[in-house]
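J.: Return atomic coordinates for the entry below.
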Amino acid sequence: KAPKNTTGSSAKFIPSFGDDKCTLGYFEHNQKTLEQACSDMDQFLAGELHIQANTTVLNIGCGQGDTDRWLVEHYNTQVVGVDLSTEQLEIARARAKSCVGNNRLNYIEASMTELPLPDESVNYIWIQKALFHCHDKAKAADEFLRVLKPGGKIIMEELVLRTELAKAEVLSNFGQRLQI
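T.: Predicted coordinates:
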């Protein structure tokens, strides 16, 4: 089921995701740390969105809020982080206290399929490695389009395992708790 899009918002799909440069971060050279690769991915995604200051970004699956703080500090945005995990949100809130512009950070415990936000209330939706956890992606897509302002943008970065070798590597490194 395709999401209904009546707001004039857009989604941009970048087919190069999943190639040898993008895996849990943006790798141009193998000499960088995972932390640097993740920061580079944030820069890449923000560049693709052309984020403007004084706008609102909804971060779906925000976790501990690292990207949220980065967006506030580098783009002077308002960020609403949504996550299902109480523990992750507690960490995000605690870390936000030391962030420049922490008054522009707001965290909500909620599902991406039932966002407690008004219609057309955000300029951008940012989703990194979260959509694959969703049990009803069509309902989530409908919610994204409901809260997105006309002309708003959505960007997603998802982990895609295209081969059995890739699946085996992820399972060996991250454990059997993943269901692939």
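J.: burial of Glu87, as a residue count?
T.: A count of neighbours around Glu87, defined by other CB atoms under 10 Å, yields 9. Heads up, the C-betas are built off the backbone N, CA and C, glycines and all.
J.: Quick check: Asn76 vs Ala141, distance?
T.: 29 Å (CB to CB, to the nearest Å).
J.: Over to Gly63?
T.: In terms of CB to CB, Gly63 sits 21 Å off from Ala141.
J.: so where's the longest helix in this protein?
T.: Longest helix in the chain, counting residues (DSSP state H): helix 34-49.
J.: residue boundaries of the strands in this protein?
T.: Ranges of strands within the chain are 10-11, 56-60, 78-83, 105-109, 122-128, 148-157, based on DSSP state E.
J.: just flag whichever of the ones you listed has the lowest average confidence.
T.: Mean pLDDT is lowest for strand 10-11 out of the strands of the chain, coming in at a mean of 36.
J.: And Asp66, what's its pLDDT?
T.: pLDDT, Asp66: 92.
J.: Please apply the same query to Cys99.
T.: For Cys99, pLDDT reads 88.
J.: so how far is Asp83 from it?
T.: With distances taken as CB to CB, Cys99 is found 17 Å from Asp83.
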